[in-house]
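Asker: Please work out how this folds:
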Amino acid sequence: MMPRGIHTIPAQGNVLRWAREVRGFTRKTAARLLGITEQELAAIEDGRQEPPGTVFNKMVSVYQQVESVLLLPRPPATDPLPEDYRTVGGAPAMPRPDTLLAIREARRVQRYVSELVGDDPELLRHPDIPTASVTEDPEDRGLRERQRSGVTMQRIRGWKPYRDAFGRWRAIVQEMGILVLQKNMPWEDCRGFSLWETGTVPMIVVNSEDAFNGRIFTLFHEYAHLMLRQTGTCVAAVQNETPKGRIERWSDSFAAAFLVPADDLRRAIKGRFPNLASDSWTLWHIERLAAHFRVSPYVIARRLKEQGISDFYDKNYRELRQSDKRRERPPREQTGGIRAEILKLSEVGLGAASVVLEALRGQLIDGPEAADILGLRLDQLRAFEEQTEVQRSRSRI
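Answerer: Okay, the predicted model is just below:
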């Protein structure tokens, strides 16, 4: 890999234009973000001028492409998009640029990690994903998978809500040999997606625009897609009777049954609201149960409907789905003050991070290659390793 600041590939202008267009930026917008004029950017993209090192470094950040991609002699080949289950839920027929970028970046990480695991299978556990069918009862399958996970309500009650609960479930899924990434995508466009093709490691990507409890539901919705061997990009609502629609509804029902087993739900209701009539449920009651199960109000309301306990779900669907969206964070919580290695570990997860770092220790790759796979600068790699060890220690608690 060429060091930062050395940019002498003749056709790189084509790559830089491609990288800008992938982000959906006009030349005017990109020039402003890069701190140069439109004329200067046009000259760079036309190959008449090489970008100064400082401008190239900004391109890595602004275009959200790793250095090695921007140094290619021509734009990389574009993989076909995964199966699109968003269209049955009313999302735009074509994903927005940020979603397309998330898919490409996730595939890039998946491809590299899969190659490393192919060279050394000991780097990652062989995927432990049973095969399922939409002809099965999702209630029964959800209960069986929950029992197979070994996670009891007693264990869940020991988890802190929100971030910690999502992190615990994420770790459990990663222990099955599945990579779990977080990507920022337009919330209405895509809640998550899954990728698994012959010769690759299975991957689930959840949208970090979801609230943490919403991400938990997406995680197991996408796990259902892996079991069905029907991966793709997904959105929230499904209303039709097409094969895609049936797959989405089955995946939703499985995820809800997995996270809130029927017997546990009825015990919780008996202990908290034993005399509550079916038409007396309010959001307050829903939220109390959601906190108990470490899930979103949407999941509880859905389970109450599925168990014939309340029709709150039908009457308040829109409000329930909006509760899954992450609230706008106050200025002090913006990511600008968070170290790059922490953000990157949150994005790629312990699964991918551990494979890359173990490959580095085993000399399958060198430092620059490891940093490039992870989307880090070489000088950030050591801090990333340290943060990964801290996260591993916490996940064992």
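Asker: and residue 123, how many neighbours?
Answerer: The local packing count at residue 123 equals 19, with neighbours defined by other C-beta atoms under 10 Å. C-betas here are computed from N, CA, C, even on glycine.
Asker: Surely it and residue 115 touch.
Answerer: No: under the criterion of C-beta atoms under 8 Å, residue 123 lies out of contact with residue 115, with a separation of 10.5 Å.
Asker: Which helix or strand lies directly C-terminal to the lowest-mean-pLDDT helix or strand in the chain?
Answerer: With mean pLDDT, DSSP states H and E as the measure, the helix or strand of the chain carrying the lowest mean pLDDT is strand 233-234 (a mean of 68). Sequence-wise, the next helix or strand beyond strand 233-234 is helix 243-259, with elements assigned using DSSP states H and E.
Asker: Which positions in that following helix come out as buried?
Answerer: Across helix 243-259, burial judged by 16 or more other C-beta atoms under 10 Å covers 244-245, 247-259.
Asker: for those, which one is nearest residue 147?
Answerer: Each of the buried residues of helix 243-259 was scored against residue 147 by C-beta to C-beta, and residue 258 proved nearest at 9.9 Å.
Asker: Which two among the buried residues of helix 243-259 are spaced furthest apart?
Answerer: 244 and 259 (22.8 Å).
Asker: Can I get stretch 223-230 in PDB, CA atoms only?
Answerer: Once side chains and other backbone atoms are set aside, the C-alpha atoms of stretch 223-230 remain, and they are given as PDB (Å, rounded to 0.1, in the frame of the first residue of the first chain):
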ATOM      1  CA  TYR A 223     -30.600 -13.200  11.800                       C
ATOM      2  CA  ALA A 224     -33.900 -14.600  10.600                       C
ATOM      3  CA  HIS A 225     -32.900 -13.700   7.100                       C
ATOM      4  CA  LEU A 226     -29.600 -15.600   7.500                       C
ATOM      5  CA  MET A 227     -31.600 -18.600   8.700                       C
ATOM      6  CA  LEU A 228     -33.900 -18.400   5.700                       C
ATOM      7  CA  ARG A 229     -30.800 -18.000   3.500                       C
ATOM      8  CA  GLN A 230     -32.600 -14.900   2.100                       C
END
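Asker: could you pull out the strands for the protein?
Answerer: Along the chain, the stretches classed as strands by DSSP state E are 179-183, 192-195, 203-207, 233-234.
Asker: what comes into contact with stretch 204-212?
Answerer: Contacts made with stretch 204-212 from outside it, assessed by C-beta atoms under 8 Å, 6 or more residues apart in numbering, are listed as 102-103, 106, 162-163, 165-166, 173, 178-187, 190-195, 215, 218-219, 222-223, 226, 296, 323-327, 347.
Asker: Endpoint to endpoint, it covers what distance?
Answerer: The first residue of stretch 204-212 is 15 Å away from its last residue (C-alpha to C-alpha, to the nearest Å).
Asker: Report the mean confidence score over it.
Answerer: The average of the pLDDT scores along stretch 204-212 is 94.
Asker: Please apply the same query to stretch 126-136.
Answerer: This predicted structure assigns stretch 126-136 an average pLDDT of 94.
Asker: What's the end-to-end length of that stretch?
Answerer: Using C-alpha to C-alpha, the span of stretch 126-136 from its first residue to its last is 25 Å.
Asker: likewise stretch 32-49?
Answerer: Between the opening and closing residues of stretch 32-49 lies a distance of 18 Å (C-alpha to C-alpha).
Asker: In this structure residue 373 contacts residue 356, no?
Answerer: Yes: the pair residue 373 and residue 356 qualifies as a contact (C-beta under 8 Å) at a distance of 5.3 Å.
Asker: Could you check which of the two is surrounded by more residues?
Answerer: For residue 373 and residue 356, the more surrounded residue by other C-beta under 10 Å is residue 356, and the numbers stand at 29 against 25.
Asker: check contacts around that one.
Answerer: Under the criterion of C-beta under 8 Å, 6+ apart, the contact partners of residue 356 comprise 112-113, 116, 365, 370, 373-374.
Asker: Quick check: residue 95 touching residue 101?
Answerer: No: judged on C-beta under 8 Å, residue 95 makes no contact with residue 101 at a distance of 9.4 Å.
Asker: start to end distance for stretch 121-135?
Answerer: Stretch 121-135 has its terminal residues 34 Å apart, counting by C-alpha to C-alpha.
Asker: buried stuff in it?
Answerer: Neighbour-count burial for stretch 121-135, counted by 16+ other C-beta under 10 Å, picks out 123-124, 129, 132, 134.
Asker: what's the distance between stretch 298-308 and the middle of its chain?
Answerer: When C-alpha coordinates are averaged (C-alpha atoms, centre = their mean, to the nearest Å), stretch 298-308 and its chain have centres 25 Å apart.
Asker: my bad, stretch 375-393
Answerer: A distance of 20 Å separates the centroid of the chain from that of stretch 375-393, by C-alpha atoms, centre = their mean.
Asker: cool, stretch 269-279 as well?
Answerer: Relative to its parent chain, stretch 269-279 has a centroid offset of 36 Å by C-alpha atoms, centre = their mean.
Asker: how long is it end to end?
Answerer: Between the start and the finish of stretch 269-279 there is a gap of 15 Å, counting by C-alpha to C-alpha.
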